[in-house]
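quick check, what structure comes out for this input:
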Amino acid sequence: MKTKIAVIAGPTASGKTALSVELARRLDGEIVCADSMQIYRGMDIATAKPTPEEMSGIRHHIVDFLEPDEEFSVADYVGLAHSAISDIAGRNKLPIICGGTGLYIDSLIDNISFEKTCTRTDTRDELKRLADEKGSGYLLEMLREIDPKTADRLHENNLNRIIRAIEIYRETGVTMSEQIENSRAAESPYSACYIILDYVDRQKLYDRIDARVDKMLAEGLLDEAERFCGLGDRATARQAIGYKELAPYFDGSAALESCVDSLKRATRRYAKRQITWFKRREGAIRLAPDGYPGFDELADAAEEIIRDFLKKED
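Presented below is the predicted three-dimensional model:
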């Protein structure tokens, strides 16, 4: 029998964390995080990492365990998530996957396997030098020439994954998108109730994003961003939205208000890319948070959907 899991996905600031915690409380579950930046220690405010208070005593897996200069791949995530789900289900609790990194979530529940490739240091160094000299956008266009499907999925700030996709092609002669397609033949070990938070009124989501940025600033984002902007070549830190947008303020080339506006714009654009990703997911159930009178009613609807799913035979 397949392991039954629930998924709470959606764009940034859509309310995934609060909903997943409430559902875990109601359904005796634990949360498997699916966020490519919340895995790093110290990157707390910019990534909206849930605080102990927000976790409300619910155990969270695959969060806050890596140093910012450590590399972490989709394959690494899938392996850890498989182990976490096995552990949770083995204790008769419900695994709840929560996050906005669609590549992580879909690779996990679609059981996509990734070929082991041996990274050549000279290849990676060459690509990093190119990125330093010509910008990450240059590498993204290089990737687009060999693997347009993967290039379309990635943003130019996602330098590590762009480099990895180019490396895979150079080392194997097979593109990352072809590798993913070829791996889909393996049946998934999971039966997933896939819920996507999808605002009817996009402006309400954008207003939540702007309010979240203001809250982050009040909680100390400037100090956190200044610390990480001073780390130089630690590429992972540079990728996080919330650091690079504030860098011009620290070097005196832009006013704080201008940088904050840039951060809000970047976050809205990121949300748009997430929305586009999740629109492709067939068979998912879409819940509009702005279609309910309040949070409790949204949680009631999600709980009912998951309970009905759990009652059904595979």
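
please make it C-alpha for all contacts and neighbour counts, starting now.
OK.

in space, not sequence, find me the middle residue of this structure.
In the chain, the residue lying closest to the centroid (CA atoms, centre = their mean) is Thr101, at 2.4 Å.

contacts only, for that one.
The contact partners of Thr101, by CA atoms under 8 Å, 6 or more residues apart in numbering, come to Ala34, Asp35, Ser36, Gln274.

out of those, which are inside strands?
In this view, the contacts of Thr101 have no member that belongs to strands under DSSP state E.

and the least confident of those residues?
Lowest pLDDT of the contacts of Thr101: Ser36, 92.

quick check: closest non-adjacent residue to it.
In space, and not counting its chain neighbours, Ser36 is closest to Thr101: 6.3 Å by CA to CA, 6 or more residues apart in numbering.

related to what we said a few turns ago, pLDDT wise, what is the residue nearest to the centre of the chain at?
Thr101 is given a pLDDT of 94.

ramachandran angles for it?
Geometry field for Thr101 lists phi and psi as phi -90, psi 90, criterion degrees, to the nearest 10.

so how far is Asp207 from Leu19?
The gap separating Leu19 from Asp207 is 19 Å, by CA to CA, to the nearest Å.

mind listing the strands for the stretch 101-250 of the chain?
Using DSSP state E, counting those that start in this stretch, the strands of the stretch 101-250 of the chain run over 190-197.

where along it do the helices fall?
For the stretch 101-250 of the chain, the helices defined by DSSP state H, counting those that start in this stretch cover 102-109, 121-134, 136-146, 148-153, 159-172, 176-183, 202-219, 221-229, 235-239, 247-250.

Serialize those helices to CSV and add fields for mean neighbour count.
CSV is the format used below for the helices of the stretch 101-250 of the chain (neighbours: other CA atoms under 10 Å):
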stretch, mean neighbour count
helix 102-109, 20
helix 121-134, 13
helix 136-146, 18
helix 148-153, 16
helix 159-172, 19
helix 176-183, 16
helix 202-219, 16
helix 221-229, 19
helix 235-239, 20
helix 247-250, 18
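
need those in TSV (columns: distance to Tyr270).
Below are these laid out as TSV (distance: least, CA to CA, whole Å):
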stretch	distance to Tyr270
helix 102-109	12
helix 121-134	21
helix 136-146	16
helix 148-153	12
helix 159-172	15
helix 176-183	21
helix 202-219	11
helix 221-229	18
helix 235-239	12
helix 247-250	18
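
great, nothing more from me.
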